[in-house]
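S.K.: just need the structure, nothing else, for what follows:
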Amino acid sequence: TVFGNPMLTGNLLACVLPLACMFRSWLMWGSIGLIVGGLAVTNSQVSWVAAVVGVLVVFGMRGHWKLALAGGLVAGGGLLLHLPIFLLDPQRLAMWQQALHVLSQERRWWTGLGPGSVAAATTNGLWTYGYLHNEVVQVFFEYGGVGLILLSGALVTMLVRLWRCPRTTLLAGWCGAALSYGVLSLGSFPWRVGTLLMIGTCIWAALCAHIRESEAA
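M.R.: Numbers count the residues shown, from 1 in each chain. Take a look at the predicted model:
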């Protein structure tokens, strides 16, 4: 595990699983089997959701829309029947509500409370958790509306440029990994752990390289 936390290990495996779909034949299925086995051991719900989303995106971008749609319906049905949706987890909802309540009291909607304010609130006994388990909420808490606007601008710019790129197997794998990372960012804290932050940086750099190569062609 990463720092003794099975969820963080599951987060890492969820980002790697879509990349394994770039391989061929037995190597792809062997890698998928090993990663799925690791995910099963970690039993991280948010990691499972992120992994499934990433893999479905890969198959969809590779032209297997029927398979991706069928897989999405089966996975979504199984999630609704057997697991609580992680975005509606009571503990996470309580974190986000408390953070937004603090922001409303301070009236710092646009500027936020500053970098590191979540950790400072933990140190001062405002709450017991070190992260808000949602990077969007944490960015809003620390950097306010300005931070959200800048983040949204970067993501929209990336999506527009990716849309113009040729649909290759490599691009599908990296887009799947990016979507997995995005889902993790809504239910975990991958930007706060060095190992996972490095993974996210590599994914972003790979997508930028594909964009640059496509625009130069």
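S.K.: which is the next helix or strand following the helix or strand where residue 7 lies?
M.R.: Using DSSP states H and E, residue 7 falls within helix 6-20. Sequence order places helix 25-42 as the next helix or strand after helix 6-20, per DSSP H and E.
S.K.: for that following helix, packing partners?
M.R.: The elements that helix 25-42 packs onto, with contact taken as 3 or more CB pairs under 8 Å, 6 or more residues apart in numbering; DSSP states H and E, are helix 6-20, helix 45-61. Just so you know, the C-beta spots here come from the backbone N, C-alpha and C atoms, and that holds for glycine as well.
S.K.: ok, which of these comes nearest residue 120?
M.R.: helix 6-20 (22.5 Å; CB to CB).
S.K.: show residues contacting that closest one.
M.R.: Taking contacts as CB atoms under 8 Å, 6 or more residues apart in numbering, the residues outside helix 6-20 that touch it are 1-2, 28, 31-32, 35-36, 38-39, 41-44, 46-48, 50-51, 54-55, 57-58, 173-177, 179-181, 183-184, 188, 190, 193, 195-196, 199-200, 203.
S.K.: would you list the helices and strands packed on helix 25-42 in a markdown table and tack on mean neighbour count and distance to residue 159?
M.R.: Shown next, in a markdown table, are those (neighbours: other CB atoms under 10 Å; distance: least, CB to CB, whole Å):
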| stretch | mean neighbour count | distance to residue 159 |
| --- | --- | --- |
| helix 6-20 | 24 | 17 |
| helix 45-61 | 24 | 13 |
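S.K.: pipe those helices into a markdown table and attach distance to residue 151 per row.
M.R.: Converted to a markdown table, the helices and strands packed on helix 25-42 look like this (distance: least, CB to CB, whole Å):
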| stretch | distance to residue 151 |
| --- | --- |
| helix 6-20 | 19 |
| helix 45-61 | 19 |
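S.K.: mean pLDDT lowest where, among those?
M.R.: Of all the helices and strands packed on helix 25-42, the minimum mean pLDDT falls on helix 45-61 (a mean of 85).
S.K.: run the angle between that helix and helix 6-20 for me.
M.R.: Using axes from the mean of the first three to the mean of the last three CA atoms, to 10 degrees, the direction of helix 45-61 lies 10 degrees away from that of helix 6-20.
S.K.: any idea which of the helices and strands packed on helix 25-42 gets closest to residue 116?
M.R.: When the helices and strands packed on helix 25-42 are compared by CB to CB, helix 6-20 sits nearest residue 116, at 20.2 Å.
S.K.: where do the helices sit along this structure?
M.R.: Using DSSP state H, the helices of the chain run over 6-20, 25-42, 45-61, 65-82, 90-106, 117-123, 135-163, 169-187, 194-216.
S.K.: and these, which one's lowest on average pLDDT?
M.R.: Among the helices of the chain, helix 65-82 scores lowest, with a mean of 59.
S.K.: picking up where we left off before, in a markdown table: the helices of the chain, plus distance to residue 129.
M.R.: What follows is the helices of the chain, written out as a markdown table (distance: least, CB to CB, whole Å):
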| stretch | distance to residue 129 |
| --- | --- |
| helix 6-20 | 13 |
| helix 25-42 | 20 |
| helix 45-61 | 15 |
| helix 65-82 | 24 |
| helix 90-106 | 6 |
| helix 117-123 | 7 |
| helix 135-163 | 11 |
| helix 169-187 | 14 |
| helix 194-216 | 17 |
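S.K.: residues near the nearest residue to residue 139 once chain neighbours are set aside, how many?
M.R.: Using CB to CB, 6 or more residues apart in numbering and skipping residues adjacent in sequence, the residue nearest residue 139 is residue 147, 4.8 Å away. A count of neighbours around residue 147, defined by other CB atoms under 10 Å, yields 19.
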